[in-house]
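need a 3D model of the sequence below.
(2 chains)
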2 protein chains.
Amino acid sequence: MNKEQQLEIKRHSLAHILATAVLEMFPEAKFGVGPNIENGFYYDFDLPRTLIPEDLPILEKKMKEIIKKNLQFEKQVVNHDKAIELYEKAGQDYKVEILKDEAKDEEVSLYKTGEFVDLCKGPHLDSTGEIDFTSFKLTKIAGAYWRGDEKNKMLQRIYGIAFNNKKELKEYLKRIEEAAKRDHRKLGKELDLFCFSDLVGPGLPLFAPKGVVIIDELRKHIEKVCAGYGFQKVMTPHLAKIDLYKLSGHADKFGKELFHVSSEQKHDFVMKPVQCPHQTQIYASKQRSYRDLPIRYMESEKQYRAEKSGEVGGLNRVYAITVEDGHSFCRVEQVKEEVKNMVEIIKDFYSAIGLWGNHWVSLSVRDYSHPEKYIGESQDWDKCEKMLEDVSKEMKLDAKKIEGEAALYGPKLDFMFRDSMGKEIQIPTVQLDFATPKRFNLVYVNEKGKDEFVVMVHRAILGSYERFLALLIEHFAGAFPLWLSPVQVKILPVSSEKHIDYAKKVNSLLLENNIRSEIDDSNESIGKKIRDAEKQKIPYMLVVGEKEAENNSVAVRLRGSRDIEDMGIEEFVERIREEVKNRS
Amino acid sequence: MNKEQQLEIKRHSLAHILATAVLEMFPEAKFGVGPNIENGFYYDFDLPRTLIPEDLPILEKKMKEIIKKNLQFEKQVVNHDKAIELYEKAGQDYKVEILKDEAKDEEVSLYKTGEFVDLCKGPHLDSTGEIDFTSFKLTKIAGAYWRGDEKNKMLQRIYGIAFNNKKELKEYLKRIEEAAKRDHRKLGKELDLFCFSDLVGPGLPLFAPKGVVIIDELRKHIEKVCAGYGFQKVMTPHLAKIDLYKLSGHADKFGKELFHVSSEQKHDFVMKPVQCPHQTQIYASKQRSYRDLPIRYMESEKQYRAEKSGEVGGLNRVYAITVEDGHSFCRVEQVKEEVKNMVEIIKDFYSAIGLWGNHWVSLSVRDYSHPEKYIGESQDWDKCEKMLEDVSKEMKLDAKKIEGEAALYGPKLDFMFRDSMGKEIQIPTVQLDFATPKRFNLVYVNEKGKDEFVVMVHRAILGSYERFLALLIEHFAGAFPLWLSPVQVKILPVSSEKHIDYAKKVNSLLLENNIRSEIDDSNESIGKKIRDAEKQKIPYMLVVGEKEAENNSVAVRLRGSRDIEDMGIEEFVERIREEVKNRS
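Predicted structure coming up:
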C-alpha cells in the first residue's frame, strides 16, 4: 500500500471518528454518508439542531478523546436483511435507504467504532490510536442535500482536513490562507478590475476600466505576435441559426448548454458556444486557391454557454466567455510549419507571463487499439502524428506521447503549466482537425484545378480572458508585471498643495510617453499615499517634493521595497519604456 | 403652390395616366392604389397575367399617347353609396373595399382620365397635355400585397420616376447609376470586406480580415482621441436580466425588438438593445466621491435588436449592431466642459473622414408649450439648454435651436453631415440625461458628505460600425483614404520570377514600418497586375523591376493616376507614415 492510499484510509477513518463524536453529542443523530475527499473528509448528518461554528472545537476535542481511547475499527459481515433490520431498529433512515437500493443477495460489511456502527466497505485503520491527533482539523459546516438532490432534505455536512503529520497540516493551512489572500474575487474588487450587478445577473461579469487595461494589453500582445505569423483578425456575431451547429456537431455536443434566442417576431437563433463554425463561414465565402493558403484567422470574442445557474461564480465559471481563438486553414504539407509557428506564439506569450519553463507538453495521440473512435483517414493521422513528433523534437519540447488523448478529429499538442501556487494549468493547445473541413466542405483549388479539402489547425493561447485574468490575479497576487499593470506609475506629491504643478508636469510627460500614470492629489500624508499605492499594487511610486521640482527629478520607490532612488525624469521614462518593451 | 407641390401633383397625375394605359392594355384590370412617392409614383394592379420587363416600354408609349391626346382630369363628386354602386358594377373590388372602410356620410370625389375613373382626393393637373413626356420613365415591376398585408393577394406594382424636365430626369438616373456602383453590398463583396452565410443567417454579417482592418482603425482612432479626454474603456456582456431594462425604460421602448434568451436549464435573459444600462452598473459598483468625477466610460460592443426578418439587409439593417458608445458621469457644473470635449472629439473624427465643414448642428430643446412631456427639473433643463447654447457660441457651431426635438430625458446637440452623394447623415450626438441617474440611483458624495445625483452625458461619434462602414464604402466608392485602406501598398514585380526577391525586401521594410503591404506574385503581366490593384482600390502601387532593384528605389503609381514617380524606399516609407499620421 502506498503513502497516498494510507492517507486516504486515515482520512476515511477520521470520518468515522467524527461520526462517533457527533453521536456522543447528539444521540438522536441520523447519519448520511462520510467519505474521504481531497485533503480530508466529510460526514453528512441529520441533527436535532443547526450546528454553529463553536461546535467544531468541541467535536474536535471529542475526536481526540476517541483517538486517545485507541478504539478498534471492528469489521462485521452480516446478510442484507439483517443489516436492514439493524438500521431500522436504530432509526437510521438514510442507511436503510442505501441498503434498499443495493442487491439483496450480497453480504454487507459494517464497521463499529465505539457506539457508532457504519455501513461501510472499508478498509480502515486497525484502531483510532494510530492517528496523530495534531494532523487533522475540522474546517467548516455546510448544507448538503441528501444524495445531492434538491428535492431531498438538506443535511448538515462537517468538513475536515487531514495529513500525514502536523507539519503537512500547517503547510496546507498556510497555502489555503495564501490562496484566500490571492482569491481573484477578493482582489478583483479591491483593485477595481471587475464587478457583478444584481440587475444584470450572475455569471455576467462587467469589466471596469482597470480590468479592461489588462485584457487589452493581453489581446494587443497576442494580436501583434500572431500578426507576425500571418494571422488576420476577423469579427463574427454572437448568434447563428442552429443549422450551423447541427452541421459542426456542436448542437449535439453542447445540447443543454446552448442558449436559445427568440423574439416576439418569431426569430430563432442560438448563441455561439464556440468560435470555429463562424470562422469556417468566412473561409467558405469565396473560392480559395492553393496560392492563398495558409489562411489564418483570429478573433477575441464572447461565446455563451448555459452553465447551471448554481455553478457560476467569480471569473472561472461564467455565461459570457471571451475567447481568443485562432485557426489556420492549410494543406496537409503545410501543417508542420503552421504547428511550429503556433508553438512559437505560445512560447512567446507564456515567456512574457513568466510561466514558460515551468511546463510539460503532451503529444495527445489516438488510442491505437480503437481506431474506430476517430474521424478521418488513417494515413492522414499517421502523417500528422509524425509531424507533431517532429515538431516536438525539432523544437525540443520533449512532449510525452499520451495515447487516447487525441481529439475526435485529430491529434494535438497540449501545454501544461504551473502557477506560483503550484496549481496545474492546462490552457494552450494546438489541434489538427480533418473533420470540420469535410463537414463544411472547406476546399481549395489545387495546382491541377481540382478541389481538395483543407486541414484546419486550431490553436488556443490564453483560452478565455475571464479565466486567464483570474489566473493572473492569483498567480501574481494582484501585483501584475509592469506591462500589464492598469496603473503603472503613481505620482505622490509630498504636499498636494505646493507640489501639484510639478506632479502634473511629470504626469503629462509620462502620459505622452504612453505610460499609465496617475497623481494622488488627496490631502493625505505622504506615508498614507505610499500605503495606498502599495495596497493598489502599483509598480512605481514617484515621490515629488521641493527638491525634485528643483532638479527636474523624481524619487522612485518600487512596489514592495523601502528603497528610494533619485532619477531624472527622462531617465525614468526611458527605464519604464524599456521595461514595458521587454515585458520584464 | 410651390415647385415641390407642383411636382407632386404631376407625379400623382402620372400614376393615373399609367392606370389609364394599363386599362387600355388589360380591360379586365382591377386597380389598387397609386400614389406619388419620392422621385416618382407607382400604381398597384390585379392583372390577368404577370407583367414582364418588356411591358414597360409599351406602357410608356401608351402613356405618351395619352399625354399627346391632352385628356382632361375630370373631377366628379358623388355620394358614398353611389360610388360603391359604380365600382361594384365595374367589378373594382379593391376600390369597393376602400370605400366600405370609409365614413358613409361623406361625399366621394372621382377623377376621370379617358376610360379610367379613379377614386381620388386629388388635386390633379387640368389635363394630361401639361406633362413634358421626356421628364418621366417607368422603372420597375414588383410584387406588393394588397394593403401591405401578407395575408392578402399579391398585386403587381409598376414604379415610375418623374421630374420637372428631361435634364433633371437624366441627372437623377445618373445619380442612381453612380449609387448602384457604390452600393456597399456590391463593393463589400468585391473588396472582400464582409460576407453573409446561410448557415449563420441573414442580418448577421461576418467581417473578413479586410473589413476588420477598417473597423479596427476607426476604433483605435476613436479610442485614442477619447482617451485624451479621459475616456476609459469598459467591457460588458451581451446579456442581462430583463429587470435591467425594466428599470431603464428600454423594456417598454423596445418591446417586440428584444431578443429573449433561454436554455433548457431555465435561464431567462434578454440581449442588450443598448449599451447605457450595463455601463451604469459599473458606475454603481462602488461609492463615488465628487473628487472622482467626471467618470467617463467608452465601449465598442455589439448590441442586438430583433428587426423584422423581412427588413434586414446589407449592413444598414442588421440584428447584430456594433455600437461605439460613451458616457460621462458628472456634476451639473461639469456638463459644459464635458459637452465641449465631446464636440471636439466629433470634430476631430469627422475631420479625419473629411466630412467636417459640410454639416449643420441642431440644438434640440424642449417643446416649451408642453413641459409635461419631459423628465427632470425645469431649472436643470434651463441650465443645460443654456450650457449647450454657450457651447454652440463659444465653439462657433452656429447650432439651430429646434424646439420639440430634445430627448425625453434632456436637450442635445445633433450633427448632420452630407456624404459625397448628397445624402444627409445624422449620426453624432451629445445628449444630456437627468433621468437615468435617478432611475439607477447613480450618486456621488459631495463636499458636505451628502449624496447627489450625477448627470449622464451620452455621446455617439460614429454610431454603429456596420452602418458607418456602409456609409464609408459608398462615400468613398470603396477608395478609402490611406489610413483606412485594408491594403495600403501593393508591390508589383515586373517579373514575378526575376524581381521577387527585391519585392520581398521592399515588403518586409514596409511591414516593419506598420504599413499594410502585399506582393502580387502572380504570373500575370504588369499591366494586368496594375488593373487588379486598381480594381481593389489600393492607394499605392509600387512597380519594381531591374532598375528599381539596382537603385534601391520604387516606381510609385497612385490609385486612379497614370503618372509614375521614382522614389527611394526610405523616402517612400516616410511619405506613407506622414500621410497616415495626418490622415490625409
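
who's in contact with the residue of the stretch 351-500 of chain A found nearest chain B?
Going by C-beta to the nearest C-beta, chain B is nearest to A:Phe440 of the stretch 351-500 of chain A, at 8.2 Å. The C-beta positions use only the backbone N, C-alpha and C, and glycine is treated the same way. Shown in contact with A:Phe440 (C-beta atoms under 8 Å, 6 or more residues apart in numbering or on different chains): A:Leu247, A:Ser248, A:Pro277, A:Thr280, A:Gln281, A:Ala284.

with A:Ile214 instead?
Contacts of A:Ile214 by C-beta under 8 Å, 6+ apart are A:Leu193, A:Leu469, A:Leu472, A:Phe480, A:Leu484, A:Pro486.

what about it, distance to chain B?
Distance, A:Ile214 to chain B, by C-beta to the nearest C-beta, to the nearest Å: 11 Å.

A:Lys253 now?
Taken as C-beta to the nearest C-beta, the span from A:Lys253 to chain B is 14 Å.

pLDDT at that residue, what is it?
Note for A:Lys253: predicted pLDDT of 87.

in the host helix or strand of it, what's buried?
Assigned by DSSP states H and E, A:Lys253 belongs to helix A:250-254. Within helix A:250-254, the residues that count as buried by 16 or more other C-beta atoms under 10 Å in any protein chain shown are A:His250, A:Ala251, A:Phe254.

quick one: whatever helix or strand A:Lys95 lives in to chain centroid distance?
A:Lys95 belongs to helix A:93-101 when assigned by DSSP H and E. Distance of helix A:93-101 from its chain centroid, counting by C-alpha atoms, centre = their mean, to the nearest Å, is 37 Å.

thinking again about what came up before, for the helix holding A:Lys253, name the packing helices and strands.
Packing partners of helix A:250-254 (3 or more C-beta pairs under 8 Å, 6 or more residues apart in numbering or on different chains; DSSP states H and E): helix A:242-248.

anything in the helix it packs on near chain B?
Yes: using C-beta under 8 Å from any C-beta of the partner chain, helix A:242-248 comes into contact with chain B via A:Asp243, A:Leu244, A:Leu247.

now do that helix: which elements does it pack against?
Using 3+ C-beta pairs under 8 Å, 6+ apart: helix A:242-248 touches helix A:250-254, strand A:268-271, helix A:276-283, helix A:435-439.

what comes up buried for it?
A:Ile242, A:Leu244, A:Tyr245, A:Leu247, A:Ser248.

what's the longest helix in chain A?
helix A:3-25 (DSSP state H).

quick one: mean pLDDT over it.
95.

for A:Glu546, give me its contacts.
Residues in contact with A:Glu546 (C-beta under 8 Å, 6+ apart) are A:Val494, A:Lys498, A:His499.

just checking, A:Arg331 touches A:Arg291?
No: look at A:Arg331 against A:Arg291 with C-beta atoms under 8 Å: they stay out of range, at 11.1 Å.

pick out whichever of those two has more residues nearby.
A:Arg331 (16 against 10; other C-beta atoms under 10 Å in any protein chain shown).

next, A:Ser392: secondary structure please.
Here A:Ser392 is helix, with the state taken from DSSP: H, G, I helix; E, B strand; the rest coil.

assign a three-state SS to the closest residue to chain B within the stretch 401-550 of chain A, would you?
In the stretch 401-550 of chain A, no residue comes nearer to chain B than A:Ser522, which is 7.7 Å away by C-beta to the nearest C-beta. Secondary structure, three-state DSSP: A:Ser522 is coil.

if we can go back for a sec, can you tell me what sits against the helix holding A:Lys95?
So helix A:93-101 is in contact with A:30-33, A:46, A:80, A:83-84, A:87-88, A:108, A:119, A:146, going by C-beta under 8 Å, 6+ apart.

can you pull the contacts of A:Arg557?
A:Ile530, A:Tyr540, A:Met541, A:Leu542, A:Val543, A:Asp563, A:Ile564, A:Glu565.

my guess is the first one meets A:Ile538, correct?
No: with contact taken as C-beta under 8 Å, A:Ile530 and A:Ile538 are classed as non-touching, separated by 10.1 Å.

what packs against the longest helix of chain A?
Short answer (3+ C-beta pairs under 8 Å, 6+ apart): helix A:3-25 packs on strand A:36-37, strand A:40-46, helix A:55-68, strand A:107-113, strand A:116-119, strand A:154-162.

bridging residues for A:Glu565?
Beta-bridge partners for A:Glu565, by DSSP bridges, are A:Val556.

tell me, how many neighbours does it end up with?
12.

again, but for A:Ser135
Here the number of neighbours of A:Ser135 (other C-beta under 10 Å) works out to 19.

kindly report the same for the one 4 residues further on.
Residues within reach of A:Thr139, counting by other C-beta under 10 Å, total 16.

cool, and A:Lys504?
By the criterion of other C-beta under 10 Å, A:Lys504 has 14 neighbours.

export whichever strand or helix holds it as PDB, just CAs?
Element membership for A:Lys504 (DSSP H and E) is helix A:500-512. Taking C-alpha atoms only, helix A:500-512 is exported to PDB below (Å, rounded to 0.1, in the frame of the first residue of the first chain):
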ATOM      1  CA  ILE A 500       0.900  69.700  -7.500                       C
ATOM      2  CA  ASP A 501       2.100  71.700 -10.500                       C
ATOM      3  CA  TYR A 502       5.300  69.700 -10.700                       C
ATOM      4  CA  ALA A 503       3.400  66.500 -10.200                       C
ATOM      5  CA  LYS A 504       1.100  67.500 -13.200                       C
ATOM      6  CA  LYS A 505       4.200  68.200 -15.300                       C
ATOM      7  CA  VAL A 506       5.700  64.800 -14.600                       C
ATOM      8  CA  ASN A 507       2.300  63.100 -15.200                       C
ATOM      9  CA  SER A 508       1.800  64.800 -18.600                       C
ATOM     10  CA  LEU A 509       5.300  63.700 -19.700                       C
ATOM     11  CA  LEU A 510       4.500  60.100 -18.700                       C
ATOM     12  CA  LEU A 511       1.100  60.100 -20.400                       C
ATOM     13  CA  GLU A 512       2.700  61.500 -23.600                       C
END
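
next up, the contacts around the nearest residue to A:Tyr111 once chain neighbours are set aside.
Among residues not flanking A:Tyr111 along the chain, A:Cys120 sits closest, at 4.7 Å (C-beta to C-beta, 6 or more residues apart in numbering or on different chains). Counting by C-beta under 8 Å, 6+ apart, A:Cys120 touches A:His16, A:Ser109, A:Leu110, A:Tyr111.

tell me which two of those sit farthest apart.
A:His16 and A:Ser109 (12.9 Å; C-beta to C-beta).

comparing these two, which residue is more hemmed in?
A:His16 (27 against 16).

relative to A:Leu47, how far out is the closest residue to that one other than its chain neighbours?
Leaving aside its sequence neighbours, A:His16 sits nearest to A:Thr113 (C-beta to C-beta, 6+ apart; 5.0 Å). Distance, A:Thr113 to A:Leu47, by C-beta to C-beta, to the nearest Å: 19 Å.

just A:Ile500 next, same as before
A:Ile500 sits 63 Å away from A:Leu47 when distances are taken as C-beta to C-beta.

what strand or helix carries A:Tyr297?
strand A:295-304.

list the neighbouring strands of that strand plus their orientation.
Sheet pairing for strand A:295-304, assigned by DSSP bridges, gives strand A:232-233 (parallel), strand A:320-330 (antiparallel).

hey, which of the ones you listed is tucked in deepest?
Among these, strand A:320-330 has the highest mean neighbour count (mean count of other C-beta atoms under 10 Å in any protein chain shown), at a mean of 23.

any idea of the angle the helix or strand just after that strand forms with strand A:320-330?
Going down the chain from strand A:320-330, the next helix or strand is helix A:335-353, by DSSP H and E. Note on geometry: by axes from the mean of the first three to the mean of the last three C-alpha atoms, to 10 degrees, helix A:335-353 and strand A:320-330 are set 140 degrees apart in direction.

ok, and what's touching helix A:335-353?
With contacts defined as C-beta under 8 Å, 6+ apart, helix A:335-353 is touched by A:221-222, A:225-226, A:229-230, A:294, A:296, A:326, A:328, A:330, A:356, A:359, A:384, A:387-388, A:390-391, A:394-395, A:397, A:413, A:415, A:417, A:428, A:430, A:432, A:455, A:457, A:459, A:461-462, A:472, A:475, A:481, A:483, A:583.
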